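Enquirer: can you look at this prediction? I've put the sequence above it.
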Amino acid sequence: MNPTPSTPAATDQASDTPARLVDAPEGATPAAPRDVGGPRPGARSAVRRLALPAMALLVLALLVTSLMVGGYDITFANLFTADAWNMFLISRVPRTLALVLAGIAMAVSGVIMQVLTQNRFVEPTTIGTSQWAGFGILVMLILVPGASIMLRMTVATAFAFVGTLAFMAIVRRVSLQSSIVVPLIGIMLGAVVSAVTVYLAATFDLLQAMDTWRSGGFSSIVRGAYEPLWIVAGTTVVTFLLADRLTVAGLGRDLATNVGLRYERVVLLGTLVVAVATGVTSVVVGFLPFLGLIVPNMVSMIRGDDVRKNLPWVALVSVALILVCDLIGRVVIAPLELPVSVVLGTVGALGFIVLVLRRRRHVTY
């Protein structure tokens with residue numbers, strides 16, 4: 001009996017069958033194929049678990065560097081001598097703590113405003129909040145020149161709160177065709193407030209005082225001058241408690257209301273937190289541009305939009321960024337010093353342009 005000729009399909013199947021499967025004894029389990037396509041899921045999860053501790057170690061290294069860099073020579077060898085120790089406690093520690101508190105406050109404020117406006121391009125300095133706080137500071141310099149720091153912070157916070165509410169009201173009533181329009185509205189409002197502030201400062205011979213506020217530097221921060229910034233640490237805690245509600249509010253007013261969220265209350269609380277953080281930071285430190293723009297966008301591009309999960313990253317990245325900018329300002333023209341706002345403004349402007357171009361490319365394609 002002649003064997004049945006094999007068809008081409010059968011021949012192909014036979015040639016494609018691995019020899020080890022053909023020759024395997026009956027009932028044997030074939031060996032699993034090797035995974036050759038990238039890192040294993042377990043390795044990826046390990047990297048994710050180690051990423052936050054690694055970032056914390058980087059921030060710790062920057063903190064130590066910040067404590068050791070400055071006009072007065074402090075090293076580990078002479079740290080515990082009388083003069084070096086006094087300088088360390090009077091100047092270096094307060095300055096570093098002020099950098100940490102102010103950086104976290106402005107970055108968290110950026111997170112809140114981006115969630116509430118559903119726009120990636122907003123933060124206190126691009127919606128006029130910081131400019132309104134500066135206007136409040138000027139009003140106090142005109143009306144009550146000898147006012148206490150607490151009174152100045154209260155008035156600056158009140159002006160920032162009113163200005164932010166005005167911005168939110170305008171945005172709600174304007175038909176927006178592009179996400180870039182929202183920060184443009186805020187920038188225009190801030191420009192108007194800044195113009196009025198400069199005019200009044202020139203009229204009352206207070207331009208130098210306002211220039212000090214605009215410089216946004218930490219060179220004058222010493223023990224006894226930075227302590228009000230601990231107030232903004234409370235705003236960070238409040239933000240963490242509101243994190244889940246803010247995440248839901250970021251889905252939009254209609255959807256948030258449908259799931260039972262008191263949307264208007266969350267918006268009001270979020271705006272108040274931003275106003276307090278901006279008002280206190282403006283009085284103690286000054287103008288810190290773009291910090292709340294860059295950091296939240298960097299974190300959300302990598303980790304998504306869950307506010308609660310992002311807050312630790314936002315805090316660490318903001319501290320790292322402001323410390324790096326401050327260190328650059330301290331060493332680039334030493335023994336003189338560039339205000340941190342100058343370095344932040346440069347980095348922030350470049351970051352803003354990158355975000356705009358990235359958004360335009362995504363919309364185009």
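Expert: That came through fine.

Enquirer: which parts of the stretch 1-150 of the chain are helices?
Expert: Using DSSP state H, counting those that start in this stretch, the helices found in the stretch 1-150 of the chain span residues 8-16, 19-22, 41-68, 82-87, 93-117, 129-143, 149-173.

Enquirer: out of those helices, which gets nearest to I322?
Expert: Distances from I322 to each of the helices of the stretch 1-150 of the chain were compared using CB to CB; the shortest belongs to helix 93-117, at 3.7 Å. Glycine gets a C-beta too; all of them are placed from N, C-alpha and C.

Enquirer: chain center to the closest one: distance?
Expert: If you compare the mean C-alpha spot of helix 93-117 with that of the full chain, they lie 7 Å apart, counting by CA atoms, centre = their mean, to the nearest Å.

Enquirer: from the contact counts, what lies against that helix?
Expert: Helix 93-117 is packed against helix 41-68, helix 149-173, helix 230-241, helix 243-249, helix 263-284, helix 291-303, helix 307-331, with contacts defined by 3 or more CB pairs under 8 Å, 6 or more residues apart in numbering; DSSP states H and E.

Enquirer: switch the cut-off to 7 Å
Expert: Taking 3 or more CB pairs under 7 Å, 6 or more residues apart in numbering; DSSP states H and E as contact, the helices and strands that helix 93-117 lies on are helix 41-68, helix 230-241, helix 243-249, helix 263-284, helix 291-303, helix 307-331.

Enquirer: compare the helices of the stretch 1-150 of the chain and give me the one nearest A233.
Expert: It's helix 93-117; of the helices of the stretch 1-150 of the chain, that one is closest to A233 (CB to CB) at 5.9 Å.

Enquirer: may I see the buried residues of stretch 69-79?
Expert: Taking 16 or more other CB atoms under 10 Å as the neighbour-count basis, stretch 69-79 is seen to contain the buried residues 70, 74.

Enquirer: contacting residues around it?
Expert: With CB atoms under 7 Å, 6 or more residues apart in numbering as the contact definition, stretch 69-79 has outside contacts at 68, 84-85, 87-88, 92, 327, 330-331, 335.

Enquirer: what mean pLDDT does that stretch get?
Expert: When pLDDT is averaged along stretch 69-79, the result is 83.

Enquirer: which residues does V273 contact?
Expert: Contacts of V273 by CB under 7 Å, 6+ apart are 112, 235, 238-239.

Enquirer: who wins on neighbours among the residues you listed?
Expert: Neighbour counts for those, by other CB atoms under 10 Å, peak at I112, which reaches 32 neighbours.

Enquirer: excluding chain neighbours, what is closest to that residue?
Expert: Leaving out its chain neighbours, the residue that sits closest to I112 by CB to CB, 6 or more residues apart in numbering is G270, at 4.6 Å.

Enquirer: could you do L272 as well?
Expert: Closest residue to L272 in three dimensions, ignoring its sequence neighbours and counting by CB to CB, 6+ apart: F161, at 6.2 Å.

Enquirer: residues near that neighbour, how many?
Expert: Quick note: F161 (other CB under 10 Å) scores 23 neighbours.

Enquirer: kindly report the same for V317.
Expert: V317 has 23 neighbours, counted by other CB under 10 Å.

Enquirer: which residues touch it?
Expert: V317 sits next to 295, 298-299 when contact means CB under 7 Å, 6+ apart.
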